[in-house]
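# pasting the sequence and the predicted coordinates here, then a few questions.
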Amino acid sequence: MRKLLLPVLLVVVILIYTSVVVVYEGSRGIMLRFNKAQRDADNKVVVYEPGIHFKLPLIDSIKLLDARIRTLEGSATRFITVEKKDVLVDSYVKWRISDFGRFYTATGGGDYSQAANLLSRKVNDRLRSEIGTRTIKDIVSGTRGELMAGAKKALNSGADSASELGIEVVDVRVKQINLPDEVSSSIYQRMRAERDAVAREHRSQGKEKAAFIQADVDRKVTVILANANKTAQELRGEGDAAAAKLYSQSFANEPQFYSFVRSLKAYEDSFKGNDNMMILKPGSEFFRFMQAPKK
């Protein structure tokens with residue numbers, strides 16, 4: 001009897017162990033019977049909350065689904081703005097399961113890769129719709145916050161929302177916005193042309209101001225030089241007048257000395273050249289100061 005009791009107890013323990021399932025915190029469970037989800041009277045998939053639950057051994061199994069927030073990393077995708085310009089947008093989405101039964105059926109048995117593909121398409125569709133109504137300037141600096149908020153709202157409501165997958169979108173974020181190489185080149189060329197035009201305008205304005213300043217300086221220099229020449233002429237004239245007056249007074253007092261100085265000047269002018277020739281009588285008045293004084 002004891003030999004039979006031990007195997008029976010072992011079988012009972014095994015049956016109890018295989019009939020108990022634990023759904024951990026942060027997860028939800030869906031009971032499968034012959035790989036089909038159990039449903040209630042309203043034909044809705046039964047979702048098991050965290051805790052200990054029981055199942056039929058070898059018949060039932062449980063599928064655990066993560067109830068925490070997950071991140072869907074998107075790849076750089078090309079979108080078209082309202083200006084018909086292409087932009088490359090790199091984004092990511094924070095999401096979690098809001099309806100575990102619907103998520104299980106919509107994703108082919110809770111397949112997260114399939115869920116990521118379906119959600120990625122919806123996110124791209126919403127971003128395409130939001131970006132298609134904005135310019136590049138608005139997307140880059142102006143209304144990026146409105147763009148992300150609009151995409152999140154549209155993904156959580158509407159006909160083609162993520163709620164069809166049993167998913168709630170917690171947040172939509174645009175990490176980076178780039179321009180395709182061909183668009184970047186054209187934009188850079190246009191920016192360079194605009195900067196060149198502005199630079200040329202500044203240079204022309206600078207040259208105009210420089211010419212005005214130079215002309216003003218030249219005018220001032222001309223006036224200063226004219227005034228200086230005028231003053232110099234006046235001073236020179238006053239000096240010549242003073243010298244002539246002094247000479248006149250001196251020569252009036254000493255007429256013989258004046259005659260002697262004038263003769264010396266005449267001698268200097270006459271003998272200045274090498275080819276000068278003069279034919280005069282030895283006793284001419286011109287040579288009176290060269291003759292020996294009479295005793």
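Received it, and whenever you're ready, just let me know what you need.
# from the chain's centroid, how far away is stretch 147-161?
Computed by C-alpha atoms, centre = their mean, to the nearest Å, the chain-centroid distance of stretch 147-161 equals 31 Å.
# list the buried residues of that stretch.
Buried residues in stretch 147-161, counting neighbours by 16 or more other C-beta atoms under 10 Å, are found at 147-148, 150-152, 154-156, 161. Yep, even glycine has a C-beta here, placed from its N, CA and C like the rest.
# before we move on, what about stretch 53-73?
Buried residues in stretch 53-73 (16+ other C-beta under 10 Å): 53, 55, 60, 62-65, 67, 70, 72.
# dump the residues you listed to CSV, plus distance to Asn124.
Formatted as CSV, the buried residues of stretch 53-73 follow (distance: C-beta to C-beta, whole Å):
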residue, distance to Asn124
His53, 38
Lys55, 40
Asp60, 39
Ile62, 34
Lys63, 28
Leu64, 29
Leu65, 24
Ala67, 26
Arg70, 18
Leu72, 11
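# mind putting these into a markdown table with distance to Arg126 and secondary structure?
Formatted as a markdown table, those follow (distance: C-beta to C-beta, whole Å; DSSP: H, G, I helix; E, B strand; the rest coil):
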| residue | distance to Arg126 | secondary structure |
| --- | --- | --- |
| His53 | 38 | strand |
| Lys55 | 40 | coil |
| Asp60 | 39 | strand |
| Ile62 | 34 | strand |
| Lys63 | 29 | strand |
| Leu64 | 30 | strand |
| Leu65 | 24 | strand |
| Ala67 | 24 | coil |
| Arg70 | 18 | strand |
| Leu72 | 13 | strand |
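# out of those, which comes closest to Phe103?
Leu65 (6.8 Å; C-beta to C-beta).
# tell me how far that closest one lies from Thr71.
16 Å (C-beta to C-beta, to the nearest Å).
# quick one: contacts for Phe34?
Under the criterion of C-beta atoms under 8 Å, 6 or more residues apart in numbering, the contact list for Phe34 reads Ile59.
# repeat that for 10 Å
59-61 (C-beta atoms under 10 Å, 6 or more residues apart in numbering).
# now, which of those sits nearest Ser248?
Of all those, Ser248 sits closest to Ser61, with 142.6 Å by C-beta to C-beta.
# secondary structure element holding the closest one?
Taking DSSP states H and E as the definition, Ser61 sits inside strand 60-66.
# check which helices and strands that strand sits against.
strand 20-23, strand 27-33, strand 47-48, strand 51-54, strand 86-97, helix 100-106 (3 or more C-beta pairs under 10 Å, 6 or more residues apart in numbering; DSSP states H and E).
# now it - C-alpha only, CSV.
Listed next in CSV are the C-alpha coordinates belonging to strand 60-66 (Å, rounded to 0.1, in the frame of the first residue of the first chain):
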residue,chain,number,x,y,z
ASP,A,60,-4.1,24.7,-21.2
SER,A,61,-1.1,27.0,-21.6
ILE,A,62,-0.7,30.7,-20.8
LYS,A,63,0.7,33.4,-23.0
LEU,A,64,2.3,36.2,-21.0
LEU,A,65,2.2,39.8,-22.5
ASP,A,66,4.3,42.7,-21.2
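# contacting residues around it?
By C-beta under 10 Å, 6+ apart, strand 60-66 touches 18-19, 21-24, 26-35, 37-38, 47-48, 53-55, 96-97, 100-101, 103-104, 107, 109-110, 112, 166.
# so what are the sheet partners of that strand and their directions?
Sheet pairing for strand 60-66, assigned by DSSP bridges, gives strand 27-33 (antiparallel).
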